[in-house]
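Peer 1: got a predicted model here, sequence first, then my questions.
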Amino acid sequence: MERENLCAKIDEARDNFRFDSEVVSCERYGNGHINDTFLVKCSSGTRYIFQRMNHLIFRNPEELMKNVCNVTSFLRKKIIANGGDPDRETMNVVLTKDGKPYYKDSIGSYWRVYLFVEESLSFDVVEKPEDFYQSAYAFGRFQFLLSDFDASQLFDVIPDFHNTPKRFEHFKEVVAKNELGRNDSVKDEIQFVMDRAEDMKLTYSMLESGELPLRVTHNDTKLNNVLIDKKTGMGLCVIDLDTVMPGLSINDFGDSIRFGANTAAEDEKDISKVSLSLDLFETYAKGFLKGCGGKLTDKELEMMPYGAKTMTLECGMRFLTDYLEGDTYFRTHYEGHNVVRCHTQFELVRDMERKMDDMKAIIAKIKDSEK
Ligand code: ADP
Ligand code: GN1
Ligand code: MG
């Protein structure tokens, strides 16, 4: 079904939330690939984020919202204890008129509302290294604050979300079936993935062997999933909490590098613009480690560059898989958009392979400087 049709009940959904006054406008907002996001303005001047959750991806929106409510109320207490502003430093769920954190409309779509975090910015590309540093600190700090959160309270909203070997198995099945006959148009890209079969296992196998610890992680640490304070320029609020689940710290680190330390956009068509900025890698690593407050093990530090490579490889493979399956997962804006995204990711993987020793040296340098 078309996404627009799925939003058919937007008015019905909107009328069921406890906004503080009459809604005066409701417009599409942001650049997320998954949910349908709207900005609601009320006559009082209060603004809200109003979202239709993508329940084709999040199969159990009720469990998903339990996770979000648990995590945000846990963070709220810590922020208050630290003298922070809980209305701006974490997401705040606005309830429906009958007191629920989501509304299920008459065609089965799920909706939710958050307070809009005012006086904040969200970036789709790194404009200033300082913003990237601040995002890194915020994501690291997020992990730090959740380090004593009871992970058994969390539902596995997307099982095996960053199980890279399992995603590789699925990719091979999709290629073998070739249901849409698209394989021929992306032969080189398929080969690129097949050539990296060993790389797919590296970090996940270290989780299985216990060499890398399981932590409560964000799992979708794109730059536009953190808000920067307009006035102070500091990392303010980590958003998009849909995928908060037990995971690897190096994946949170790695996904931010994938998105933000690329010298080109995720969907840049001119591949020659794609490369890994080692300066931005260093900037992010410094901020992330600071935010994590010394909680990471030596092994986690050592594996951070591989987290970056694995997340980039996995993401490129996911874009390619989605293309082969008919572009049903990620929101695309034109025919072949997922292939363009896959090209940038694979070009970045190539550059990371070339720069692996440089990345390792940067992490070692930061580690030494903190001794
Ligand atoms: P998706 O899962 O589709 O990525 P997000 O939850 O990340 O959706 O929301 C999309 C965008 O909306 C974000 O990148 C951010 O720019 C903006 N946004 C989301 N929540 C808030 C909020 N509470 N306050 C301000 N902006 C927000
Ligand atoms: C999606 O929701 P958004 O746009 O922040 C995706 C991430 C991918 C990213 C690629 C739940 O993130 O895993 O890395 O696109 N989120 C989900 O840009 O699949
Ligand atoms: Mg997002």
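Peer 2: Great, that's in hand. Ligands and ions are numbered 1, 2, ... in the order given.
Peer 1: only C-alpha atoms for contact and neighbour calcs from this point on.
Peer 2: Will do.
Peer 1: quick one: the helices in this protein?
Peer 2: 3-6, 10-14, 61-81, 129-145, 164-177, 187-194, 197-208, 249-260, 278-292, 298-324, 337-354, 356-369 (DSSP state H).
Peer 1: for residue 163, which non-adjacent residue is spatially closest?
Peer 2: Closest residue in space to residue 163, ignoring its immediate chain neighbours: residue 204 at 6.6 Å, by Cα to Cα, 6 or more residues apart in numbering.
Peer 1: from ligand 3, how far out is residue 72?
Peer 2: 16 Å (Cα to the ion, to the nearest Å).
Peer 1: which residues sit in contact with that residue?
Peer 2: With contact set as Cα atoms under 8 Å, 6 or more residues apart in numbering, residue 72 has these partners: 90-92.
Peer 1: run the last query once more with 10 Å
Peer 2: Going by Cα atoms under 10 Å, 6 or more residues apart in numbering, residue 72 touches 66, 78, 86, 89-93, 241.
Peer 1: re the thing from before, comparing the helices of the chain, which comes out most buried?
Peer 2: helix 249-260 (a mean of 28; mean count of other Cα atoms under 10 Å).
Peer 1: relative to helix 298-324, how tilted is it?
Peer 2: Helix 249-260 runs at 50 degrees relative to helix 298-324, counting by axes from the mean of the first three to the mean of the last three Cα atoms, to 10 degrees.
Peer 1: does helix 249-260 reach ligand 2?
Peer 2: No. Helix 249-260 lies apart from ligand 2 when judged by Cα under 6 Å from any ligand atom; the minimum separation is 6.9 Å.
Peer 1: counting by contacts, list what that helix packs against.
Peer 2: Judged by 3 or more Cα pairs under 10 Å, 6 or more residues apart in numbering; DSSP states H and E, helix 249-260 is in contact with helix 129-145, helix 197-208, strand 215-217, helix 278-292, helix 298-324, helix 337-354.
Peer 1: which pLDDT value goes with the closest residue to residue 306 other than its chain neighbours?
Peer 2: Distance criterion Cα to Cα, 6+ apart; nearest residue to residue 306, sequence neighbours excluded, is residue 203 at 7.2 Å. Note on residue 203: pLDDT of 98.
Peer 1: near ligand 1, which residues of the stretch 51-200 of the chain?
Peer 2: By Cα under 6 Å from any ligand atom, the residues of the stretch 51-200 of the chain that approach ligand 1 are 91, 114-117, 122.
Peer 1: now, which of those residues lie close to ligand 3?
Peer 2: Among these, no residue is within reach of ligand 3 (Cα under 5 Å from the ion).
Peer 1: is it possible to get JSON lines of the helices and strands packed on helix 249-260 that adds distance to residue 187?
Peer 2: Below are the helices and strands packed on helix 249-260 laid out as JSON lines (distance: least, Cα to Cα, whole Å):
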{"stretch": "helix 129-145", "distance to residue 187": "35"}
{"stretch": "helix 197-208", "distance to residue 187": "16"}
{"stretch": "strand 215-217", "distance to residue 187": "35"}
{"stretch": "helix 278-292", "distance to residue 187": "31"}
{"stretch": "helix 298-324", "distance to residue 187": "11"}
{"stretch": "helix 337-354", "distance to residue 187": "12"}
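Peer 1: for ligand 2, find the nearest of the ones you listed.
Peer 2: Ligand 2 lies closest to helix 298-324 among those, at 5.8 Å (Cα to the nearest ligand atom).
Peer 1: against residue 311, how distant is the residue nearest to residue 303 when sequence neighbours are not counted?
Peer 2: Among residues not flanking residue 303 along the chain, residue 250 sits closest, at 6.8 Å (Cα to Cα, 6+ apart). Distance from residue 250 to residue 311, counting by Cα to Cα, to the nearest Å: 9 Å.
Peer 1: next one: residue 16
Peer 2: Taken as Cα to Cα, the span from residue 16 to residue 311 is 39 Å.
Peer 1: and what of residue 281?
Peer 2: Residue 281 sits 14 Å away from residue 311, going by Cα to Cα.
Peer 1: about what we covered before: now the common contact residues for residue 250 and residue 311.
Peer 2: With Cα under 10 Å, 6+ apart, residue 250 and residue 311 have common neighbours 203, 256.
Peer 1: distance between stretch 154-167 and the chain's centre?
Peer 2: Remark: stretch 154-167 is offset 13 Å from the chain centroid, using Cα atoms, centre = their mean, to the nearest Å.
Peer 1: and this structure, what are its domains?
Peer 2: 2-118, 129-370 (automatic domain parsing).
Peer 1: you'd agree the residue nearest to residue 303 is up against residue 203?
Peer 2: Yes. In this structure, residue 250 is within contact of residue 203 by Cα atoms under 10 Å, at 8.7 Å.
Peer 1: what sits in contact with each of the two?
Peer 2: With Cα under 10 Å, 6+ apart as the test, residue 250 and residue 203 both reach 212, 303-304, 306-307, 310-311.
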